[in-house]
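**Q** next come a sequence and a model predicted from it.
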Amino acid sequence: MKFGAAVLRSYESPFAVEEVTLDEGPAHGEILVRIAGCGMCRTDLAVRRSEGRSPLPAVLGHEGAGVVVETGGPDTGLSVGDHVVLSFDSCGQCRNCRGATPAYCDSFASLNLFGGRGENAARFIDTAGSELAPRWFGQSSFAEYAMVLARNAVRVDPSLPLELLGPLGCGFLTGAGAVLNSFGVGPGDTIAVLGTGAVGLAAVMAATAAGAATVAVDRHPERLALAERFHALPLHAASPDLPGRIRRLTDGGAQYALDTTGSTQLINDALRALRPTGHLGLVARLHTTLPLEPGALDRGRRISHICEGDAVPGLLIPRLTALWQAGRFPFDQLIRTYPLTDINEAERDCNAGRVVKPVLIPESRS
């Protein structure tokens, strides 16, 4: 079958929507999904800075949602016509996958970022007959169709706005999962969220839904206004004595803090803002050494890295859609949609901070 997909051919070039071919139907355990919408994540854009580690040319996109149009057999657990949200790939066999922590799959990097699968390795082929890079995060959903393992897909209520659901598979899942899974935040807890992009604002919404008191830290007033709309106390990142201000707003210190910025200064500020035994989680990839200030990591405080919100997507995504239906996780307010053909405009707006979460909508073909 032939269809349109946004191809990135070099680390410096713009995306180009091209016709690609997928010669193979779904293999055992796979499904073919017609994409209704796909979120653009910072991880997609970070490919440009991967220094050659991410193979190109490639079709990126790993926050897809769509409709199942073909299955690779009855044991996928899914049927033609099912609405699904696509999430990250995992092997399903290693100790961590068997222990319900698929985000820490032994093969996470190779399956999602670099090598793809050795088996069931169907790839897109361009008009010159050349194969594109292996499926990105097991899906490559900046396209009209995606071939994925059923393991990566989560069935959702068909009454939900399918074109908007894709970011629940990664960005929103990461922020909300950090709060609900990694920290287990509940009523009366206090949390500071540093950085109010898509991941940070999802964390703010999840904390509010869980009954926690939240402080949101950012340097962009418009993002702080959004956080305040979701019932967080806004605090500018350049505020004098930021740790002291957070401690005062959280009655002696936050029990939890989530850093989405990767800023070494804000990470140290967050640690100093914690109460004794407090927990700081990091979701951003660090690109430099992390120096810790004296006293920042004492009195039982701890720091950990959180991947994909410690989520089992099949459990957390239905929880988040139920919260949305109850009016308690309004993630749709963070989304702006673009036609897939406007992917370069979406990237520019994302980089400039003009949009929190772009979602690309493939044009339907008759």
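**A** That came in fine, so what should we check first?

**Q** pLDDT at the closest residue to residue 287 other than its chain neighbours, what is it?
**A** Leaving aside its sequence neighbours, residue 287 sits nearest to residue 262 (Cβ to Cβ, 6 or more residues apart in numbering; 6.9 Å). Quick note: C-beta positions are derived from backbone N, CA and C, even for glycine. Residue 262 is assigned a pLDDT of 94 by the prediction.

**Q** which residues touch residue 262?
**A** Residues in contact with residue 262 (Cβ atoms under 8 Å, 6 or more residues apart in numbering) are 282, 284-287.

**Q** equivalent analysis for residue 142, please.
**A** Counting by Cβ under 8 Å, 6+ apart, residue 142 has contacts 5-6, 15, 38, 44, 59-61, 340, 343, 360.

**Q** where neighbours are concerned, which of these has the most?
**A** Per-residue neighbour counts (other Cβ atoms under 10 Å) across the contacts of residue 142 peak at residue 38, which has 33 neighbours.

**Q** show me what that one is bridged to.
**A** When bridges are taken as DSSP bridges, the partners of residue 38 come out as residue 64, residue 360.

**Q** surely it is in contact with residue 64?
**A** Yes: in this structure, residue 38 sits in contact with residue 64. The criterion is Cβ atoms under 8 Å, and the distance is 4.4 Å.

**Q** now do the strands in the stretch 101-250 of the chain.
**A** Counting by DSSP state E, counting those that start in this stretch, the segments of the stretch 101-250 of the chain that form strands are 145-149, 153-155, 190-194, 213-218, 233-236.

**Q** would a markdown table of the ones you listed with mean neighbour count be doable?
**A** Compiled in a markdown table, the strands of the stretch 101-250 of the chain are given as follows (neighbours: other Cβ atoms under 10 Å):
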| stretch | mean neighbour count |
| --- | --- |
| strand 145-149 | 26 |
| strand 153-155 | 24 |
| strand 190-194 | 29 |
| strand 213-218 | 26 |
| strand 233-236 | 17 |
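
**Q** so for residue 314, which of those strands sits nearest?
**A** Ranking the strands of the stretch 101-250 of the chain by distance to residue 314, with Cβ to Cβ as the measure, places strand 153-155 first at 5.1 Å.

**Q** what mean pLDDT does that closest one have?
**A** In this model, strand 153-155 has a mean pLDDT of 98.

**Q** just to revisit the earlier point, residues in contact with both of residue 38 and residue 64, list them for me.
**A** In the contact map built from Cβ under 8 Å, 6+ apart, the residues linked to both residue 38 and residue 64 are 141, 166.

**Q** could you pull up phi and psi at the closest residue to residue 153 other than its chain neighbours?
**A** Closest residue to residue 153 in three dimensions, ignoring its sequence neighbours and counting by Cβ to Cβ, 6+ apart: residue 84, at 4.1 Å. Dihedral angles phi and psi of residue 84 (degrees, to the nearest 10) take the values phi -140, psi 150.

**Q** residues contacting residue 84?
**A** The contact partners of residue 84, taken as Cβ under 8 Å, 6+ apart, are 31, 33, 65-68, 78, 153-156.

**Q** picking up where we left off before, export the contacts of residue 142 to TSV and tack on pLDDT, secondary structure and distance to residue 246?
**A** TSV is the format used below for these (pLDDT from 0 to 100; DSSP: H, G, I helix; E, B strand; the rest coil; distance: Cβ to Cβ, whole Å):
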residue	pLDDT	secondary structure	distance to residue 246
5	97	strand	44
6	98	strand	40
15	97	coil	39
38	98	strand	36
44	93	helix	32
59	95	strand	42
60	96	coil	36
61	97	coil	36
340	98	helix	41
343	98	helix	38
360	98	strand	36
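
**Q** tell me the one of these nearest residue 294?
**A** Of all these, residue 294 sits closest to residue 44, with 38.3 Å by Cβ to Cβ.

**Q** what about the residue nearest to residue 153, distance to residue 157?
**A** Using Cβ to Cβ, to the nearest Å, residue 84 is found at 11 Å from residue 157.

**Q** do residue 75 as well
**A** If you measure residue 75 against residue 157 using Cβ to Cβ, the figure is 23 Å.

**Q** could you export the contacts of residue 142 as TSV, including distance to residue 321?
**A** Output for the contacts of residue 142, formatted as TSV (distance: Cβ to Cβ, whole Å):
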residue	distance to residue 321
5	27
6	26
15	29
38	17
44	23
59	26
60	25
61	21
340	24
343	26
360	20
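
**Q** any idea which of those residues is the one closest to residue 242?
**A** Compare each of the contacts of residue 142 with residue 242 using Cβ to Cβ and the shortest gap goes to residue 44, at 30.7 Å.

**Q** pretty sure residue 71 sits against residue 81.
**A** No: if you go by Cβ under 8 Å, residue 71 and residue 81 don't touch, sitting 10.4 Å apart.

**Q** what about these two, which has more around it?
**A** Set side by side, residue 71 and residue 81 give different neighbour counts by other Cβ under 10 Å, the larger being at residue 71 (20 against 9).

**Q** next, that one: phi, psi?
**A** Taking degrees, to the nearest 10, you get phi -120, psi 150 for the backbone angles of residue 71.

**Q** gap between it and residue 105?
**A** Distance, residue 71 to residue 105, using Cβ to Cβ: 23 Å.

**Q** what do you get for residue 286?
**A** 21 Å.

**Q** and residue 199, by the same measure?
**A** 20 Å.

**Q** tell me what the residue nearest to residue 71 when sequence neighbours are not counted is bridged to.
**A** With sequence-adjacent residues excluded and distances taken as Cβ to Cβ, 6+ apart, residue 71 is closest to residue 31, at 5.1 Å. Using DSSP bridges, the bridge partners assigned to residue 31 are residue 71, residue 148.
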